[in-house]
Every structure is written in C-alpha cells, then in structure tokens.
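Colleague: only geometry, no sequence info:
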Ligand SMILES: [Zn+2]
C-alpha cells in the first residue's frame, strides 16, 4: 500500500503495474471524508490514518458504483458503522441493480463491473452543488450516468473517480487507451464524458486525484489535450 499526501488529500494506492486502484481521504478540521473504497485493504490503512490524525471518518463518498470503487464497502461498514454513505441519486439506482436509462439520457449501455451490495450505513443521496464538508459535489456524468466529482475551492483539490484516468497518461473517460484500456471500456457515454471534462476545466485545480493513476498537479492543459483527442476519435 502506498500512501501519499497532497495538501489535505491523502491518496492510498494498491499498486499493480497492470491495474492500480486508489482511494482517497480528505482531511477536514474535525473529521475525515473517504472517497471510494475499491478494495478492503484500504480499510485498515484508513483506520490507521484516522487514529494517527485523531479524527473520525464522517462520510464515505462513492464517485460511481463500479466494483473497483466500492469493493471494500462490506469491510468498511464493519469498521466504520457510523459513517454516512454518500452517492448520487442516479448512481444509487445502479447500485441497487436498476440498469435502466431515462428517456432524456444518452441511450448507450451502462457498462463495467457492477454488483448489488447491501449498504448498512445511513445513505445520503447527494445533489449537485451540495457540500460534503468543504468538498463540493460536481456532476461529471459520462463514465456512468451519475458519476460525481468532489472539489475544494480552498485547497484546489479535485477528485474525479473515473471521469479522468491518469495511469500511463491522462485520458478522459471513454477514450480507450492501449496501455490502460479498462476505464475507457467501462464507460457509458463519451459525449457526456467530454461535456463533464469541459466543465472541470473551469475549476482552479492544483491536485487532480483519479481512481487509477498518480495525482497530477495543475492538470488543465493536459485535460484539454485529452478532450481534443477523444473528440477527434468520435468524429472518425
Ligand atoms: Zn469506473
């Protein structure tokens, strides 16, 4: 397990040269917020961190319910039974096993590793613009219909789940990269993913955290390039 700190953001990574997975802990003044919990190995590390910082875990936010972002939840809820479980209402539906699409949504298939899971924690369906601690919820649909990102104005930290991948180069969700194709292949709508990435460009970001890959500093120029690459692919 690798743990790295960027301002108030801790990145926890189970490193594999094929498929690295990250979970994040954001440190608030009086508590911690966990973002994604792909594997159960993160739980022990989060417990250690919460002891070290002497702060309770108040929220766990799931950016989207793919297995590699929520696979450790059973272990997590045993260890932290008082935490509030946060997910967008839209992706909460997917987590509950409903893979249907609404009429006004892009009619592509919802992809990726999904499993219905029993959540014992109090569930909060977060809305766009809402703040979880100091982290603001941003709609970054595309990878899934209800994917969300979290942003702090104050520390300029942005955590996007799989809306962007940084392992072996920055790519927008839906851009299937040869060296790391998995998030691309698991993406629902490339058009939506581009619109979401464009929205992210308006933010002042110092640290970009993604589900797969290292934290990237001042990523906007690279994000813009990735948007253009995916646009060109779609045109062809
Ligand atoms: Zn995913």
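Modeller: That came through fine. Quick caveat: nothing in here was measured; it's all calculated off a predicted structure.
Colleague: biggest helix in the protein, by residue count?
Modeller: helix 220-235 (DSSP state H).
Colleague: same for that one, what does it pack against?
Modeller: If you count contacts as 3 or more C-beta pairs under 8 Å, 6 or more residues apart in numbering; DSSP states H and E, helix 220-235 packs onto strand 171-172, helix 190-200. Where C-beta positions appear, they are placed from N, C-alpha and C, glycine not excepted.
Colleague: buried deepest among these, which one?
Modeller: By mean neighbour count, with neighbours taken as mean count of other C-beta atoms under 10 Å, strand 171-172 ranks first of these at a mean of 28.
Colleague: how about residue 21, nearest residue that isn't a chain neighbour?
Modeller: Spatial nearest neighbour of residue 21, excluding adjacent residues (C-beta to C-beta, 6 or more residues apart in numbering): residue 38 at 4.2 Å.
Colleague: tell me the SS of the one you found?
Modeller: coil (DSSP: H, G, I helix; E, B strand; the rest coil).
Colleague: and the closest residue to residue 225 other than its chain neighbours, how many neighbours?
Modeller: Leaving aside its chain neighbours, residue 225 sits nearest to residue 170 (7.6 Å; criterion: C-beta to C-beta, 6+ apart). Residue 170 has 22 neighbouring residues, counting by other C-beta atoms under 10 Å.
Colleague: for residue 170, give me its contacts.
Modeller: By C-beta atoms under 8 Å, 6 or more residues apart in numbering, the contact set of residue 170 is 164, 216, 219, 222-223, 225-226.
Colleague: quick check: it vs residue 121, distance?
Modeller: According to C-beta to C-beta, to the nearest Å, residue 170 and residue 121 sit 33 Å apart.
Colleague: and the chain, which residues reach the ion?
Modeller: Within the chain, the positions near the ion by C-beta under 5 Å from the ion are 66, 162, 186.
Colleague: the second one reaches residue 212, doesn't it?
Modeller: Yes. Residue 162 lies in contact with residue 212 (C-beta atoms under 8 Å); the separation is 7.1 Å.
Colleague: neighbour count for the two, which is higher?
Modeller: residue 162 (28 against 23).
Colleague: so that one, which of the three states?
Modeller: coil.
Colleague: returning to that earlier point: tabulate the helices and strands packed on helix 220-235 (a markdown table), appending mean pLDDT.
Modeller: Output for the helices and strands packed on helix 220-235, formatted as a markdown table (pLDDT from 0 to 100):
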| stretch | mean pLDDT |
| --- | --- |
| strand 171-172 | 96 |
| helix 190-200 | 97 |
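Colleague: can you add distance to residue 105 and give these back as CSV?
Modeller: CSV is the format used below for the helices and strands packed on helix 220-235 (distance: least, C-beta to C-beta, whole Å):
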stretch, distance to residue 105
strand 171-172, 19
helix 190-200, 9
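Colleague: buried residues, the lowest-mean-pLDDT helix or strand in the chain. List them.
Modeller: Least confident element among the helices and strands of the chain, by mean pLDDT, DSSP states H and E: helix 182-185 (a mean of 92). Residues of helix 182-185 classed as buried by neighbour count (16 or more other C-beta atoms under 10 Å): 182-184.
Colleague: again with stretch 159-179
Modeller: Of the residues in stretch 159-179, those with enough neighbours to count as buried (16+ other C-beta under 10 Å) are 159-167, 170-177.
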